[in-house]
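Chemist: I would like the atomic coordinates for the input below:
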Amino acid sequence: MRSSLATQLWKAGPIALSLFLFLDSARAASPGPSRTPVPHSTGRAIGIALEELDYPWPVHFLPLTLDGQDLRMAYMDVAPTGAANARTVLLLHGKNFSGEYWESTARFLAAAGFRVVVPDQIGFGKSSIAEIRYSFDRLAANTAKLLDSLEVQRVSLIGHSMGGMLAVRFVRNFPTRSEALMLANPIGLEDYRAKLPAVSLESVYAKELANTDPEKIRAFYRRYFAEWKSDYERFPQTRARIAGSGDFPRYAMVSALTYEMVYEQPVRHEFSLIQTPTLLVIGQADRTTIGRGLVPEEALQGLGNYPALGKAAAADIPGSRLVELPNVGHLPQLEAPDRFRTAVLEFLGAPR
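Modeler: Numbers count the residues shown, from 1 in each chain. Here you go, the predicted structure:
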């Protein structure tokens, strides 16, 4: 059969035969699918762009060309469900999350009359997971292009964790497009370079590539929360399932590249230059910092003191308002949804 097929392909042309022989030899050399079982608690492997996961609203894509690569930026565009007020809120996710975790926030904003735009930045969620040069300036510019495509001129922003750093850069780079800035336990309230030694991209990549144990991943996510709840299990489970993808090495490299961005591109020194009205919502039990597992533990001492960092940031951002949430960790929008909703809607001057 194989000889007969080869004969037919030769008649079709030498190129067809060469392609057949190449693929046939590659198939013979392949060891076949891995027999390492995916842990039962995490479910089946999924693609690194979360292709198998549903988001709460339809996902659209903005085409972008970056570093010679044709990429797609995923986003949700949520229409108001209450009386429309002609205002738009932009929600910016953190490094270890994607836009889908903003669901409850988007729902209460839509109910209050806001249009809500929820992007996955390039390198995250359902967007292209691309090995490119990452910078907050570039992510801010991508986000501005997204707003242009939606014919949205001005937005209020809510940035969480790494999304808070991006939100600061957006309002600095596009001040006339920014009505209000809300920071929910942002990282970057301190310049990590002051205490953390630099580590090579290769070291960060090696750590990310080795980060496949479901229990260790779960322990990592538990650090974010003051009180762990069953609803939060989806975060470590999704991350563990991604580790079973054939594209996981690319995912690990992009995670390393974005770590490098966070470390090398601080925004803390820009706080006094912010002209946009600003709200800080700070969970007081949060002790998040970058560098864990990459640098000696003693280098992390004193970092991530959010009660002190929140006060210092509020003092430096002109006219800012600080809301402190006791017994709340890194994700106030999930851990204290009612208090978070009240703070946000009050700041936006919207009905509660």
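Chemist: CA atoms for contacts and neighbours, from now on please.
Modeler: OK.
Chemist: so where's this structure uncertain?
Modeler: By pLDDT under 70, the weakly predicted segments of the chain are 1-42.
Chemist: where exactly do the strands run in it?
Modeler: 60-66, 69-78, 88-92, 115-119, 155-160, 178-184, 278-283, 321-325 (DSSP state E).
Chemist: all the helices of the stretch 151-300 of the chain, residue numbers only.
Modeler: 162-173, 201-210, 214-222, 234-242, 248-264 (DSSP state H, counting those that start in this stretch).
Chemist: which of the ones you listed sits closest to Ala130?
Modeler: Of all the helices of the stretch 151-300 of the chain, it is helix 248-264 that lies closest to Ala130, at 6.7 Å by Cα to Cα.
Chemist: nearest to Phe124, out of the helices of the stretch 151-300 of the chain?
Modeler: From these, taking Cα to Cα, the stretch that ends up closest is helix 248-264, at 8.7 Å.
Chemist: picking up where we left off before, hey, which of the helices of the stretch 151-300 of the chain is tucked in deepest?
Modeler: The highest mean neighbour count among the helices of the stretch 151-300 of the chain, using mean count of other Cα atoms under 10 Å, belongs to helix 162-173: a mean of 24.
Chemist: in terms of secondary structure, what does that helix contact?
Modeler: Contacts defined by 3 or more Cα pairs under 8 Å, 6 or more residues apart in numbering; DSSP states H and E place helix 162-173 against strand 88-92, helix 136-149, strand 155-160, strand 178-184.
Chemist: would you turn these into TSV with distance to Trp102 and mean neighbour count?
Modeler: As requested, the helices and strands packed on helix 162-173 are exported to TSV (distance: least, Cα to Cα, whole Å; neighbours: other Cα atoms under 10 Å):
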stretch	distance to Trp102	mean neighbour count
strand 88-92	7	24
helix 136-149	17	17
strand 155-160	10	24
strand 178-184	12	24
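Chemist: redo the strands of the chain as JSON lines? Include distance to Ser128.
Modeler: Converted to JSON lines, the strands of the chain look like this (distance: least, Cα to Cα, whole Å):
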{"stretch": "strand 60-66", "distance to Ser128": "10"}
{"stretch": "strand 69-78", "distance to Ser128": "6"}
{"stretch": "strand 88-92", "distance to Ser128": "16"}
{"stretch": "strand 115-119", "distance to Ser128": "12"}
{"stretch": "strand 155-160", "distance to Ser128": "21"}
{"stretch": "strand 178-184", "distance to Ser128": "25"}
{"stretch": "strand 278-283", "distance to Ser128": "30"}
{"stretch": "strand 321-325", "distance to Ser128": "35"}
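Chemist: wait, which of the ones you listed is closest to Ala252?
Modeler: Nearest to Ala252, of the strands of the chain and by Cα to Cα, is strand 69-78 at 18.1 Å.
Chemist: that closest one: which residues count as buried?
Modeler: Leu71, Arg72, Met73, Ala74, Tyr75, Met76, Asp77, Val78 (16 or more other Cα atoms under 10 Å).
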